[in-house]
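J.: just a sequence and a predicted model for now, questions to come.
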Amino acid sequence: MRIGILKCGQSPEVTRDAHGDYDDMFVKLLAGRGLDFDSYHVEAMQFPASVHDADGWLISGSRHGVYEDHAFIPPLEDFIRRAHAASVPIVGICFGHQIVAQALGGKVEKFGGGWAVGPQTYDFSGQPVTMNAWHQDQVVERPDGAEVVAANGFCENAALVYGDRAFTVQAHPEFSDAFIDGLIEHRGGSVPEPLIAAARDRRGTADATSVADRIEAFFRKPRAVTGQSAA
């Protein structure tokens with residue numbers, strides 16, 4: 001199964017040698033599952049020719065806000081809508097979670113409650129799952145047809161599923177504790193110190209495997225064959 005990674009940003013250059021870029025982290029997260037990967041740097045306007053160029057699409061995080069004025073955002077939203085209409089499965093992570101919601105009619109904004117940084121525990125349909133997070137923006141209004149499958153007291157739309165067409169997660173299963181440390185060092189200037197201290201205290205609690213299992217299962221879910229008309 002071929003997965004196209006739509007890279008909406010890049011990891012800090014100073015951490016890239018040690019931890020890789022965002023697409024590298026997803027390849028590592030989903031390694032050993034019989035998946036092949038192509039990467040498209042959509043932030044740099046490198047888009048696939050068609051939504052059918054992969055069996056599924058994985059949309060990465062980004063330091064940008066989905067509501068900001070960047071050249072790549074309108075064509076990415078259009079790509080999401082075409083893939084959704086063609087039943088080509090989409091997985092979105094953090095910015096990817098937010099841009100899917102916005103493209104399909106939801107609302108994203110900078111959350112008044114502030115930041116989520118480091119390991120956070122979410123209720124996934126009755127199962128507690130801890131993932132590393134790094135975000136201030138949130139989906140505050142869900143699109144029609146979006147169902148909440150994970151939440152906590154800070155983030156009520158922590159994971160959404162859109163039938164068999166999209167599965168999106170606000171936190172970062174692909175981020176290691178060491179990479180969070182790098183973000184704190186190089187991009188953490190606006191994060192309150194108590195949140196940084198709490199994130200460091202919770203190191204080692206994130207469970208990436210259970211979320212990777214959910215991502216794989218979503219991509220492999222049987223779907224009806226659709227026409228190839230969507231470009």
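T.: Thanks, I have the structure now.
J.: quick one: end-to-end length of stretch 201-214, please.
T.: 27 Å (Cα to Cα, to the nearest Å).
J.: what residues of it count as buried?
T.: 202, 206, 208, 211-212, 214 (16 or more other Cβ atoms under 10 Å). For the C-beta atoms, the positions are set from N, CA and C on the backbone; glycine is no exception.
J.: kindly report the same for stretch 95-108.
T.: Those would be 95-104, 106, 108, for stretch 95-108 by 16+ other Cβ under 10 Å.
J.: identify the farthest-apart pair in the residues you listed.
T.: For those, the farthest-apart pair by Cβ to Cβ is 95 and 104; their separation is 14.9 Å.
J.: backbone dihedrals for the residue nearest the centre of the chain, please?
T.: In the chain, the centroid-proximal residue (Cα atoms, centre = their mean) is residue 93; its distance is 0.5 Å. Dihedral angles of residue 93 (phi, psi; degrees, to the nearest 10) stand at phi -120, psi 130.
J.: would you confirm that it contacts residue 57?
T.: No. Between residue 93 and residue 57 there is no contact under Cβ atoms under 8 Å: 11.5 Å.
J.: any low-confidence regions in this structure?
T.: Applying pLDDT under 70 to the chain flags the ranges 225-231.
J.: so residue 123 versus residue 20, what's the distance?
T.: From residue 123 over to residue 20 the distance is 30 Å, taken as Cβ to Cβ, to the nearest Å.
J.: same check on residue 60?
T.: Taking Cβ to Cβ, one finds residue 60 at 12 Å from residue 20.
J.: which one of those two is surrounded by more residues?
T.: residue 60 (27 against 16; other Cβ atoms under 10 Å).
J.: tell me who's in contact with that one.
T.: By Cβ atoms under 8 Å, 6 or more residues apart in numbering, the residues touching residue 60 are 5-9, 22-23, 26, 93-96.
J.: number of nearby residues for the nearest residue to it once chain neighbours are set aside?
T.: Nearest in space to residue 60, with sequence neighbours left out and distances taken as Cβ to Cβ, 6 or more residues apart in numbering, is residue 22 at 4.3 Å. Residues lying near residue 22 (other Cβ under 10 Å) number 30.
J.: surely residue 22 and residue 7 touch.
T.: Yes. Using Cβ under 8 Å, residue 22 makes contact with residue 7 at a distance of 5.6 Å.
J.: and the helices in this protein?
T.: 13-19, 22-29, 73-85, 95-103, 177-187, 193-201, 208-220 (DSSP state H).
J.: just the ones you listed: most buried one?
T.: Counting by mean count of other Cβ atoms under 10 Å, helix 95-103 has the highest mean neighbour count of those, with a mean of 27.
J.: who touches that one?
T.: By Cβ under 8 Å, 6+ apart, helix 95-103 touches 6, 8-9, 58-62, 64, 66-67, 73, 76-78, 80-81, 84, 90, 92, 107-108, 137-139, 142-143, 146, 157, 159-160, 162, 166, 168-170.
J.: just the buried ones out of those, please.
T.: 6, 8-9, 58-62, 64, 66, 73, 76-77, 80-81, 84, 90, 92, 108, 137-139, 142-143, 146, 157, 159-160, 162, 166, 168-170.
J.: re earlier: ok, now which ones touch the residue nearest to residue 60?
T.: Neighbour list for residue 22: 5, 7-11, 60-61, 174 [criterion: Cβ under 8 Å, 6+ apart].
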